[in-house]
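Student: Sequence first, predicted coordinates after that:
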Amino acid sequence: MFEPTDEQRSIIEGEGSAIVIAGPGRGKTATAIAAARSWLLRNPGPSRVLFTSFSNAAVRRIAAAAGVDHVGLERRLQFRTIHSLAMEILRDFGRFVGLRKPARAIDRTEEGIIAAERNWDAANEAAYQSALKCLAREEGRVAFELMVPLAFALLRASPTVRLAIGRRFPFIVVDEFQDTRPEQWEFLKLAGETSRVLALGDPDQMIYEHQHCAALQRVSDFQSWKGVKPTRFDGANFRCRVPAIVDFAESLLHGRLNVPTGTRGLQLFSAFPNQRRASLAAIWTAIRRHGGDDSTIAFIVPSGNTARQLAAELRQPPRTAAVPVPIHAHIERDEGDLDAFRLAACAAADWISTRQDTALKTLAVSLAVFSSAWSRKGASSGRIDAIIKRIRPGGRARSPLRAYLTDTVPEPFQTFADGLLSALEADSEFASGGAALRRHGLPSMMGVSIGQGSLFDGYRQIRAAAGLEGTTLSRAKTTIVSMYKSKGREFDFVVLVVEPRAHSTKATVDELRRLYYVSATRAAYSGGIWAGIPI
């Protein structure tokens, strides 16, 4: 049960702005929620409290802690990412910055399709940005990177709109304050100009040196902006009740030697590289036996590439495996990247059904965007032309994808999509992207059905604007996530896979200390089991 300290109670019962500096689990979120509810009780009426942060993961975590869902069951507690707040302002007032149609968000996948269809030159940064701005102005379709700048321009130009936002949200809570980028920070200063603002952060969770320095400067800027001094929470850890884990994380941050022996909740292991799969499977089995099937487990690894490799190893144990149990761990991925494959599958089905040149061009565009998402190859007009030549019937080059599209019927659609992915893996032109998606796992094709008209256009119209608020939190019981993307998360048990050689040689000792500190503080209430395993 949350029992606030004197410092926390002063925030909860106060009326003014404040900035709180505290490490993970020190009660920042609980204090902010209590402060919001206390303020709402003291200020009845239509006014609302806005909780905002840089990512969907952070916002959903706050909403879950508050006992409401993302859209807000309690009408006066609202939850938004910074980008979705910017889009709300553009939808209401976008005409004042030249948007001639109602503002609608497009994610990076949709942006890539539009750019490829209209032959935008991605190599010419100035021309590309001009095309994005024209798209927003003429059609109301706002790309992710323009949301905050356009909303900032609107607020800067109009004191009336700033006053309206202040009346709409007289109390704003900014979680993970240290993660706000310079343009987001400038936007928030205008949005919260007349509001009470409660900022919560921990500069030590900023990994890179320049980010860490910027976060410290932002704390100083907030002090000058609202005329307050930072409040520090140094008391009990509310997330993790195992002192050894908290001490271990602090030791990692400050470079102190900490080798626990016989400590509840914290264990260290070592293994040779060829023992990685067996060691992690054995640890996972032990956690399941100890914590039960409802507990959440995270493997936190050095990089996204390691996450995909480890997921494949755990999912498909060799016949001679010492621990043969298959472990299906979820790898978090931006939904827009998954949609890039779904759209390619829809375009492939359209091409098989019509054999028209327009359908072939659409398929080539969608395949180029898919490759761009999963293997970082460009989606230029030259590449699209090369793909058309490769998959057009009668082409000279051997293409497993062309063969699949020639001999296959796209029903049932999930089976067709699985076969399409196999064909992409076998085709040298798309092999790296296909393999990357296969390691992640074939996405569900629910919501896509064979019907009248263009399947590609139909799905493109109904798909959500993925990526507007970042990666959606997984409900999976076992997750694999990179250290760099673990921030803002918490799990019952954490297996920390440590290998310093897996990181860039440019990473400083202080950066690695902060990285491991963030990873080690992801363990929640039940404690954690830790593994140091060379890769």
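Tutor: Structure received.

Student: Contacts for stretch 249-262, please.
Tutor: 24, 204, 244, 247-248, 266-268, 509, 513-514, 516-517, 520-521 (C-beta atoms under 8 Å, 6 or more residues apart in numbering). For every residue, glycine as well, the C-beta is placed using N, CA and C.

Student: Tell me how far it lies from the chain's centre.
Tutor: 29 Å (C-alpha atoms, centre = their mean, to the nearest Å).

Student: Quick one: mean pLDDT for it?
Tutor: The average pLDDT within stretch 249-262 is 82.

Student: For that stretch, which residues meet the burial criterion?
Tutor: Using 16 or more other C-beta atoms under 10 Å as the test for burial, stretch 249-262 gives 249, 250, 251, 252, 253, 260.

Student: go on, stretch 165-178?
Tutor: 165-166, 168-178.

Student: Just the C-alpha atoms of that stretch, please, in PDB.
Tutor: Taking C-alpha atoms only, stretch 165-178 is exported to PDB below (Å, rounded to 0.1, in the frame of the first residue of the first chain):
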ATOM      1  CA  ILE A 165      -5.400  24.700 -23.900                       C
ATOM      2  CA  GLY A 166      -4.600  26.000 -20.400                       C
ATOM      3  CA  ARG A 167      -8.300  26.100 -19.600                       C
ATOM      4  CA  ARG A 168      -8.800  22.600 -21.100                       C
ATOM      5  CA  PHE A 169      -5.900  21.100 -19.000                       C
ATOM      6  CA  PRO A 170      -5.200  23.300 -16.000                       C
ATOM      7  CA  PHE A 171      -3.100  20.600 -14.400                       C
ATOM      8  CA  ILE A 172      -0.500  18.700 -16.600                       C
ATOM      9  CA  VAL A 173       1.600  15.800 -15.400                       C
ATOM     10  CA  VAL A 174       4.700  15.000 -17.500                       C
ATOM     11  CA  ASP A 175       6.100  11.600 -16.800                       C
ATOM     12  CA  GLU A 176       9.600  10.500 -17.900                       C
ATOM     13  CA  PHE A 177      10.400  14.200 -18.200                       C
ATOM     14  CA  GLN A 178      14.000  13.500 -18.900                       C
END
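
Student: if you average pLDDT over it, what comes out?
Tutor: The pLDDT scores in stretch 165-178 average 93.

Student: do the same with stretch 91-108
Tutor: Averaging pLDDT along stretch 91-108 yields 91.

Student: same thing with stretch 368-378?
Tutor: 84.

Student: Okay, helices next: where are they in the stretch 201-350 of the chain?
Tutor: Ranges of helices within the stretch 201-350 of the chain are 209-226, 243-254, 276-291, 304-315, 335-354, based on DSSP state H, counting those that start in this stretch.

Student: Which strands or helices does the helix or strand hosting residue 188 pack on?
Tutor: Element membership for residue 188, per DSSP states H and E: helix 182-191. Contact analysis of helix 182-191 by 3 or more C-beta pairs under 8 Å, 6 or more residues apart in numbering; DSSP states H and E lists helix 82-93, helix 144-157, helix 159-168, strand 171-174, helix 209-226 as its packing neighbours.

Student: quick one: which of those is nearest residue 32?
Tutor: Nearest to residue 32 among these is strand 171-174 (4.8 Å), distances taken as C-beta to C-beta.

Student: partners of that closest one, with directions?
Tutor: Sheet pairing for strand 171-174, assigned by DSSP bridges, gives strand 49-53 (parallel), strand 196-201 (parallel).

Student: I'd like those written out as a markdown table, with distance to residue 107 and mean neighbour count added.
Tutor: Formatted as a markdown table, those follow (distance: least, C-beta to C-beta, whole Å; neighbours: other C-beta atoms under 10 Å):
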| stretch | distance to residue 107 | mean neighbour count |
| --- | --- | --- |
| strand 49-53 | 19 | 26 |
| strand 196-201 | 27 | 25 |
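
Student: which stretch in those strands is the model least sure about?
Tutor: Taking the mean pLDDT of the strands paired with strand 171-174, strand 49-53 comes last: a mean of 90.

Student: Next, the angle from the helix holding residue 188 to helix 144-157.
Tutor: Orientation check (axes from the mean of the first three to the mean of the last three C-alpha atoms, to 10 degrees): helix 182-191 against helix 144-157 gives 40 degrees.

Student: Show me what helix 182-191 is in contact with.
Tutor: By C-beta under 8 Å, 6+ apart, the list of residues contacting helix 182-191 reads 52, 54, 82, 85-86, 89, 148-149, 151-152, 155-156, 162, 165-166, 169, 172, 174, 180, 197, 214, 218, 221, 225.

Student: circling back: would you list the buried residues of stretch 249-262 in CSV and tack on distance to residue 138?
Tutor: Converted to CSV, the buried residues of stretch 249-262 look like this (distance: C-beta to C-beta, whole Å):
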residue, distance to residue 138
249, 51
250, 54
251, 56
252, 52
253, 50
260, 62
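
Student: Can you say which two of these are spatially most distant?
Tutor: 253 and 260 (16.1 Å).

Student: hmm, back to that, out of the strands paired with strand 171-174, flag the one nearest residue 433.
Tutor: In terms of C-beta to C-beta, the element of these nearest to residue 433 is strand 49-53, at 31.1 Å.

Student: distance of the residue of the chain positioned farthest from its centre from residue 406?
Tutor: What lies farthest from the middle of the chain is residue 394; by C-alpha atoms, centre = their mean that is 42.3 Å. Separation of residue 394 from residue 406 (C-beta to C-beta, to the nearest Å): 10 Å.

Student: Any stretches of the stretch 301-450 of the chain with poor pLDDT?
Tutor: Flagging of the stretch 301-450 of the chain using pLDDT under 70 yields the residue ranges 447-450.

Student: if we can go back for a sec, pipe the helices of the stretch 201-350 of the chain into a markdown table and attach distance to residue 490 per row.
Tutor: Output for the helices of the stretch 201-350 of the chain, formatted as a markdown table (distance: least, C-beta to C-beta, whole Å):
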| stretch | distance to residue 490 |
| --- | --- |
| helix 209-226 | 21 |
| helix 243-254 | 12 |
| helix 276-291 | 14 |
| helix 304-315 | 18 |
| helix 335-354 | 22 |
